[in-house]
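Undergrad: just a sequence and a predicted model for now, questions to come.
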Amino acid sequence: MSPIPDDLSTVKDDMIAFIEGHGMRRFNGFVDYEEVQCVMWDMESNPDGWKDFVELAKTANAPFLTMHSWTLEREELDELLERLTNSEFTDRDDVEDARWLRTHAGKVGYLQLGWAYQGTMFLCEVSTDWYDRYQRLLEVSDEFGGLTMDEPDQDEEN
């Protein structure tokens, strides 16, 4: 068992080779588990557990696997940092975390594989620790970035 690397580019390449080596096809697409019925694969702390997932898809006669990868783009990170910096409610540590993420720009931080079976999507996700931190910071910036102060209503003033 190898630990999850800081950049999932090689894991992505391994996934592509493994899937094609099993004679299966890939469909580049993201499955939003909030939109469709899904079952998440538990890799049980095995970073190579995605291989078992692919083999199960083959056994289930899945005609293809969906595949999605996400790379941290400098522009996305700059926008996040700007939102966090300009928010009155952002914690200083969050801004420093966002600055620290610059070391990961251009790296693949998230991979998703999926296949359908009897109306249910089966999904396997692999992510880096820094990707999880990035997602948390996005949530923080969305919460406080969209926060508006209530103006008194005309009725309340009278």
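TA: It's in.
Undergrad: any stretches of the protein with poor pLDDT?
TA: 1-2, 144-158 (pLDDT under 70).
Undergrad: pull the residues that contact the longest helix anywhere in it.
TA: Of all segments of type helix in the chain, defined using DSSP state H, the longest is helix 129-145. By Cβ atoms under 8 Å, 6 or more residues apart in numbering, the residues outside helix 129-145 that reach it are 4, 6, 70, 72, 77, 80, 83-84, 87-91, 94, 97-98, 101, 104, 107, 109-110. Bear in mind the C-beta positions are built from the backbone N, C-alpha and C, glycine included.
Undergrad: that helix: which residues count as buried?
TA: Across helix 129-145, burial judged by 16 or more other Cβ atoms under 10 Å covers Trp130, Tyr131, Arg133, Tyr134, Leu137, Leu138, Val140, Ser141, Phe144, Gly145.
Undergrad: ok, what's across the strand from the closest residue in space to Val126 that isn't next to it in sequence?
TA: With Cβ to Cβ, 6 or more residues apart in numbering as the criterion, Val126 has its nearest non-adjacent residue at 4.6 Å, and that residue is Leu111. Following DSSP bridges, Leu111 is listed with bridge partners Ser69, Val126.
Undergrad: now do the contacts for Leu111.
TA: Neighbours of Leu111 in contact, by Cβ under 8 Å, 6+ apart: Leu8, Val11, Lys12, Met15, Trp50, Met67, His68, Ser69, Trp70, Glu125, Val126, Ser127.
Undergrad: with Met43 as the reference, measure out to Met67.
TA: 16 Å (Cβ to Cβ, to the nearest Å).
Undergrad: which elements pack onto the one helix or strand Ala17 maps to?
TA: Ala17 belongs to helix 9-21 when assigned by DSSP states H and E. With contacts taken as 3 or more Cβ pairs under 8 Å, 6 or more residues apart in numbering; DSSP states H and E, helix 9-21 sits against strand 25-28, helix 49-59, strand 64-71, strand 108-117.
Undergrad: buried stuff in that helix?
TA: Val11, Lys12, Met15, Ile19.
Undergrad: ok so, going back, so for Cys38, which of the helices and strands packed on helix 9-21 sits nearest?
TA: strand 108-117 (7.9 Å; Cβ to Cβ).
Undergrad: okay, angle between the closest one and helix 49-59 too, please.
TA: Strand 108-117 runs at 20 degrees relative to helix 49-59, counting by axes from the mean of the first three to the mean of the last three Cα atoms, to 10 degrees.
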